[in-house]
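1. Got a predicted model here, sequence first, then my questions.
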Amino acid sequence: MIDDVAGKLEAMKPEQYVLAFVFLGSYAFALGEFIGARGRRIAIATALGAAAAFAGLTDPWELGVMVVAFALVGMGLFAGAVWLLWLLASRMPVERRAAPARAEPRPVATGSAPAATPHPHVDTASAATASP
């Protein structure tokens with residue numbers, strides 16, 4: 001039985017390849033949430049139509065149905081493997097490193113004296129005691 005399927009895959013015509021590609025792409029869109037509810041309905045109809053046309057072009061049609069079933073199982077196994085890897089990766093502990101201590105910024109020299117320093121020509125002692 002598997003030898004018959006392999007032989008038919010070798011004898012596929014170009015339109016069967018196109019239908020298989022359309023089926024796999026539409027099936028992937030039908031499973032995801034990338035295109036919204038209306039788009040998913042269109043993708044489901046497209047996938048069903050492409051699968052039926054693919055099976056119809058295969059002689060005998062039962063082998064075409066088997067190829068479609070193998071594709072469905074293969075995509076399911078791939079999705080399950082990806083989900084399992086994601087689950088394992090999300091459960092692994094992540095090593096956290098402490099952020100390096102940040103140094104306080106130094107004042108930038110602008111060429112003028114800071115505001116807190118009095119002008120060298122002003123007598124601060126007499127200015128504080130003098131009354132107006």
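-> On my side now, so go ahead. Note that the coordinates shown come from a computational prediction; the quantities given were computed from them, not determined experimentally.
2. Might you list the low-confidence residue ranges for this structure?
-> Low-confidence segments of the chain (pLDDT under 70): 1-2, 4-5, 8-9, 94, 96-99, 109, 111-132.
3. Please repeat the previous calculation with a cut-off of 80.
-> In the prediction, the chain carries residues with pLDDT under 80 at positions 1-12, 92-132.
4. Any buried residues in the helix ranked longest in the chain, and which?
-> In the chain, with assignment by DSSP state H, the single longest helix is helix 61-91. Residues of helix 61-91 classed as buried by neighbour count (16 or more other C-beta atoms under 10 Å): 63, 64, 65, 66, 67, 68, 71. (Each C-beta comes from the backbone N, C-alpha and C, glycine too.)
5. The third one contacts residue 57, correct?
-> In other words, residue 65. No. Taking contacts as C-beta atoms under 8 Å, residue 65 lies outside contact range of residue 57: 11.9 Å.
6. Could you tell me how far the residue minimising distance to the centre of the chain is located from residue 45?
-> Nearest to the mean C-alpha position of the chain, counting by C-alpha atoms, centre = their mean, stands residue 34 at 11.3 Å. Distance, residue 34 to residue 45, using C-beta to C-beta, to the nearest Å: 17 Å.
7. One more: residue 108?
-> In terms of C-beta to C-beta, residue 108 sits 67 Å off from residue 45.
8. Give me the more crowded residue out of the two.
-> Legend: neighbour count by other C-beta atoms under 10 Å for residue 108 and residue 45, higher for residue 45 (12 against 5).
9. Figure out the helix or strand that the more buried one lives in.
-> helix 36-57 (DSSP states H and E).
10. Okay, buried residues for that helix please.
-> For helix 36-57, by 16+ other C-beta under 10 Å, it's 40, 43, 46, 47, 50, 51, 52, 53, 54, 55.
11. doesn't residue 33 make contact with the second one?
-> If I follow you right, that is residue 43. No. Residue 43 is beyond contact range of residue 33, at 11.3 Å (criterion: C-beta under 8 Å).
12. one step back: which helix or strand contains the residue nearest to the centre of the chain?
-> Assigned by DSSP H and E, residue 34 belongs to no helix or strand.
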